[in-house]
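J.: dropping a prediction and its sequence here:
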Amino acid sequence: MAQTKSINSLSENDMLSQIQSTLRDKHTSAPYTMILGSGFSSPLVPTASKMLADIPTWRDKTSDEHLKKLWCKLQSKSPGLKINDNGTSVDASKADNVIQAYDALMRHELFTPKLRRDYIKHTVKKVDGKINPAHIYLASLLDTQFSDDSELWKFKNKFCTKIFTTNFDPLLQRSLQLVNRLYWMTDQLGDLEVLTDDDHDFIQLIYAHGNIFKYRLANTGADIDNLVEAHAKSLAPYFENHGVIVIGYSGWNDCCMEALKQCKQFNMNLYWCDIHPVDQAGDRLRTETANFLKAHQDSAFYVHIDGADEFMQAMHANLGLGGVPPFLVNPIDSLTRLLEQLNLTESDLPIAHSSSTKNEHQADLPDEKLSDIIGRTLTSLNDANTSFFSSTGKQPDDPQKPDDNQKSSNSSYLMNLAYSYFTKNEFDNAIKTLTFIIDMTDATSEQKAQALVTRGIAYVERINPQMNKALLDFTQVIKMQNATARQKAEALIIRSITYEKLDPPKTRDAIKGYTAVIEMTDAPAKQKAQALISRGNTYAMSRPPQLNKTIKDYTTVIDMSDITAEQKANALFNRGNAYCKLNPPQTENAIKDCNCVIEMPNASEEQIAMARINRAEAYILCEPPRIVEAIQDCKQALKTPGLPDNFIEEARAIIDQHAGDSEPEDDDPAAN
């Protein structure tokens, strides 16, 4: 557990482990509830900060002159509102300022209830029928928790049957309709006498600010204040007795936030999930939210996530449901189960075909009943479903001999199935499934190439790796005429990594593969960066190390503009390490690179911790050694959960070796 400005935090993995453990315990009802804000529907529906630009556009105020007048007016009506220097936009770096600006726009620009309703309807209409991954994974999880099949749902308890949302959009409803899960919804919090009852087979959706289908929406501070006074007290006991998972919600001064503040503690913990790195949470969250988390340190935790989509995918997989929701893998099975539930034996009706509706093939048929229609449709669906494996994800008894129907046109389904085996570390099943795709006559070249690359990785990941088979698969993709540049680059990189895992390693062949990707004219930039980092690592581990080539490769990556934050952080981290290994070591350059990683807003906690340990090594190599700062860095890094063992050992070695030389005055440094 880490601690930042008195806000207790957990890693995402630790949070998911706690949820798993809680679900294994015996409870009388679903132990968790969720509070979902606009971040859960993003980017399909704009968050409050995005609306600050979207509302003026909707009002046709897009010129600099119009925007300056608008924000000048709103600043005069909302003292303390911070506008950027150009006067055309709001300072969105602080959540408090975003909410103040949003409230000012709603009160003074969308100054009538009709205008506010029209704008919200406009934003929702743009979504059309789309649903983001976060809602898809949530719907799959909420539906599967009711399953009696212990292979599908492995826990004693349901997960959650009650969801609170401050959103106006219908994405929760649409996603539950996809899985045919019954739900009950309300925006009248006075209806919640049933709050204590979670033992039912439907999902309760509570729209805390109203919903798009109703006349009255709570947009302004005054609207929200009215709801706070009326309902916060009734919500608090419910939150107090449940695990509360907060995603995409900034903590408005609304009934949900007021109810949370009234709780003395959360019996099964509260997890406040947001995209801000842990060390920035105290500054980036709303002041009210940060104070709430500080006041509930014993049972409320801040959790850094990459986003709602990524987090819900991770939770779905962590709870044993795989990487792909079952209803996406085999929608035919879902429809079949739906029709099978229609029991018309007690109240069937004949369908009389009039002469005008009968076609020539039906002319001599007797009238049918609804049950006959359903039965015939189910037969057709079952025939169609023979082209899929069973809905449980199990393969036929002899998966090496699929029948013709199973091999007809299932490459997408089979690939999803293979990925689901990967998430469960069932690599032999993944290999069998991928072999089906490779052997299919109607699979595209791109599908076969992806299957070959993935099968090669599976060969490497087996308990008893089959390296030669893996190398053959990667080489086959590299030689394929119709494989994409991305696939060829991926195969070259993974083949090179495999060469380095051989005993003895084939270092020259690995470097040739990385170089081939770097010299490709059509390889994606992210793969070129990956090849440069990997080649730099290989140069560094050569005997003797080729550190100048190592530093050159890392520098090339650092200078690239179209790469991921993770790649840039890795290149900086590794270059700093290489500077330390030069003779004499370039400690100043090493420290600068480590500082860049530590100060990166998008670097992970683990990368920052590893950069601190690398910086500690550089401090030790300084003349004179900077022992105090080195020990401070190591102690700070060791507070990070999930740190690799070799870094833990290195940090402890530095502390043990130099603790007697000079004791640090501050055990928890903030300086970089």
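T.: Arrived safely, thanks for sending.

J.: all helices of the stretch 251-400 of the chain, in order?
T.: 255-262, 281-284, 287-295, 308-316, 326-329, 331-340, 370-385 (DSSP state H, counting those that start in this stretch).

J.: deepest of those, which one?
T.: Ranked by mean neighbour count under mean count of other CB atoms under 10 Å, these are led by helix 255-262, which reaches a mean of 23. Every C-beta, even on glycine, is put in place using the N, C-alpha and C of the backbone.

J.: averaged pLDDT, it. What do you get?
T.: In this model, helix 255-262 carries a mean pLDDT of 87.

J.: export that helix as CSV, just CAs?
T.: C-alpha atoms of helix 255-262 as CSV (Å, rounded to 0.1, in the frame of the first residue of the first chain):
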residue,chain,number,x,y,z
CYS,A,255,-26.4,13.4,-3.1
CYS,A,256,-23.9,10.5,-3.8
MET,A,257,-20.9,12.5,-2.6
GLU,A,258,-22.8,13.9,0.4
ALA,A,259,-23.9,10.3,1.3
LEU,A,260,-20.3,9.1,1.0
LYS,A,261,-19.1,11.9,3.3
GLN,A,262,-21.7,10.9,5.9
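
J.: tell me what it is packed against?
T.: Here helix 255-262 touches helix 221-240, helix 287-295, going by 3 or more CB pairs under 8 Å, 6 or more residues apart in numbering; DSSP states H and E.

J.: and that helix, how far out from the chain middle?
T.: Remark: helix 255-262 is offset 26 Å from the chain centroid, using CA atoms, centre = their mean, to the nearest Å.

J.: what of stretch 307-326?
T.: 8 Å.

J.: using PDB, write out every CA atom in it.
T.: Taking Å, rounded to 0.1, in the frame of the first residue of the first chain, the C-alpha atoms of stretch 307-326 are listed here in PDB:
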ATOM      1  CA  GLY A 307      -9.300   4.200 -18.200                       C
ATOM      2  CA  ALA A 308     -12.700   2.800 -17.600                       C
ATOM      3  CA  ASP A 309     -12.500   0.500 -20.700                       C
ATOM      4  CA  GLU A 310      -9.100  -1.000 -19.700                       C
ATOM      5  CA  PHE A 311     -10.200  -1.400 -16.000                       C
ATOM      6  CA  MET A 312     -13.400  -3.200 -16.800                       C
ATOM      7  CA  GLN A 313     -11.600  -5.500 -19.200                       C
ATOM      8  CA  ALA A 314      -9.100  -6.300 -16.500                       C
ATOM      9  CA  MET A 315     -11.900  -6.900 -13.900                       C
ATOM     10  CA  HIS A 316     -13.700  -9.100 -16.400                       C
ATOM     11  CA  ALA A 317     -10.600 -11.300 -16.900                       C
ATOM     12  CA  ASN A 318      -9.600 -11.200 -13.300                       C
ATOM     13  CA  LEU A 319     -13.000 -12.700 -12.200                       C
ATOM     14  CA  GLY A 320     -12.400 -15.600 -14.600                       C
ATOM     15  CA  LEU A 321     -14.600 -14.400 -17.500                       C
ATOM     16  CA  GLY A 322     -11.800 -14.200 -20.000                       C
ATOM     17  CA  GLY A 323     -10.800 -11.300 -22.300                       C
ATOM     18  CA  VAL A 324     -13.900 -11.500 -24.500                       C
ATOM     19  CA  PRO A 325     -17.500 -11.400 -23.300                       C
ATOM     20  CA  PRO A 326     -19.300 -14.600 -24.100                       C
END
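
J.: mind checking how far A540 is from D25?
T.: To D25, A540 is 48 Å away according to CB to CB, to the nearest Å.

J.: which one of these two is surrounded by more residues?
T.: Neighbours were counted for A540 and for D25 using other CB atoms under 10 Å; A540 has more, 20 against 11.

J.: contacts only, for the more buried one.
T.: 546-547, 550, 574, 577-578, 581 (CB atoms under 8 Å, 6 or more residues apart in numbering).

J.: closest to G87 among these?
T.: Among the contacts of A540, N574 lies closest to G87 (CB to CB), at 43.0 Å.

J.: tell me the SS of the closest one?
T.: helix (DSSP: H, G, I helix; E, B strand; the rest coil).

J.: also I245?
T.: Going by three-state DSSP: I245 is strand.

J.: what is the burial count for the residue nearest to L81 when sequence neighbours are not counted?
T.: Residue nearest to L81 in three dimensions, not counting chain neighbours: Q75, with 4.9 Å by CB to CB, 6 or more residues apart in numbering. Q75 sits with 17 neighbouring residues when counted by other CB under 10 Å.

J.: same check on C263?
T.: 21.

J.: show me the residues around it that make contact.
T.: Here C263 is in contact with 236, 239-240, 296 (CB under 8 Å, 6+ apart).

J.: just curious, which of those is nearest to H276?
T.: Distances from H276 to the contacts of C263, taken by CB to CB, are shortest for H296, at 18.3 Å.

J.: tell me the pLDDT at the residue nearest to N574 when sequence neighbours are not counted?
T.: In this structure, N574 finds its nearest non-sequential neighbour in Y554, 5.4 Å apart by CB to CB, 6+ apart. pLDDT for Y554: 94.

J.: just checking the distance from the helix or strand containing Y554 to the centre of its chain.
T.: Secondary structure assignment for Y554, by DSSP states H and E: helix 547-558. With CA atoms, centre = their mean as the basis, helix 547-558 stands 32 Å off its chain's centre.

J.: quick one: the nearest residue to I55 once chain neighbours are set aside from L52, how far?
T.: Spatial nearest neighbour of I55, chain neighbours left out: L105 (5.2 Å); criterion: CB to CB, 6+ apart. Shown here: L105 relative to L52, a distance of 7 Å by CB to CB.

J.: neighbour count winner among those two?
T.: L105 (27 against 20).

J.: list the contacts for that one?
T.: Residues near L105 by CB under 8 Å, 6+ apart: 51-52, 55, 74.

J.: please report the distance of it from I99.
T.: To I99, L105 is 11 Å away according to CB to CB.

J.: same question, S234
T.: Taking CB to CB, one finds S234 at 24 Å from I99.

J.: quick one: which of those two has more around it?
T.: Neighbours per residue, other CB under 10 Å: of S234 and I99, the larger number sits with I99, 19 against 15.

J.: past the host helix or strand of the more buried one, which element shows up next along the chain?
T.: Assigned by DSSP H and E, I99 belongs to helix 95-108. Downstream of helix 95-108, the next assigned helix or strand under DSSP H and E is helix 113-127.
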